[in-house]
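**Student:** 3D, please:
(one chain, ligands or ions: 1)
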Amino acid sequence: MGNIETVKKVEVAKLSDLSVGIGQRVNVAGEEIALFKQKDGSVKAIENSCPHKKGPLSEGIVSGDHVFCPLHDWKINVNDGKVQAPDVGCVKKYKVEIKDETIYIHLSL
Ligand code: FES
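**Tutor:** Next up is the predicted model:
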């Protein structure tokens with residue numbers, strides 16, 4: 001049989017823990033994740049490590065759908081994890097679920 005991918009839903013924070021425009025770092029099952037609450041109340045989750053030299057993206061400046069890495073200013077889309085031109089690369093993104101003010105991340109195991 002082929003590999004069966006298991007997805008685990010993990011509680012990571014409360015919606016009220018986050019502020020729009022300010023990233024929040026969480027550790028889940030050994031993975032460091034940056035959460036970003038958007039103006040529309042949604043939450044985006046990406047790997048908290050810049051593909052350039054591992055800058056902590058949760059500490060970057062947020063502008064709409066993008067975060068600027070605090071180390072050398074690479075611009076990364078928080079929806080799909082893609083680095084914006086002229087730089088290239090991608091960080092992992094995570095599926096987020098919000099239920100009753102609690103934020104869950106879906107992890108593939
Ligand atoms: S480490 Fe992020 S831009 Fe250099």
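
**Student:** neighbours around Ile46, how many?
**Tutor:** 25 (other C-beta atoms under 10 Å). Any C-beta I mention is one placed from the backbone N, CA and C, and that applies to glycine too.

**Student:** so it sits against Ala34, correct?
**Tutor:** Yes: the pair Ile46 and Ala34 qualifies as a contact (C-beta atoms under 8 Å) at a distance of 5.6 Å.

**Student:** shared neighbours of those two, which are they?
**Tutor:** Leu57 (C-beta atoms under 8 Å, 6 or more residues apart in numbering).

**Student:** show me what His14 is bridged to.
**Tutor:** Actually, residue 14 is Lys. It isn't His. Thr102 (DSSP bridges).

**Student:** any idea what the nearest residue to Val78 once chain neighbours are set aside is bridged to?
**Tutor:** Closest residue in space to Val78, ignoring its immediate chain neighbours: Lys44 at 4.1 Å, by C-beta to C-beta, 6 or more residues apart in numbering. Lys44 has these beta-bridge partners by DSSP bridges: Phe36.

**Student:** ok, now how distant is Lys44 from the ligand?
**Tutor:** Distance of Lys44 to the ligand, given as C-beta to the nearest ligand atom, to the nearest Å: 18 Å.
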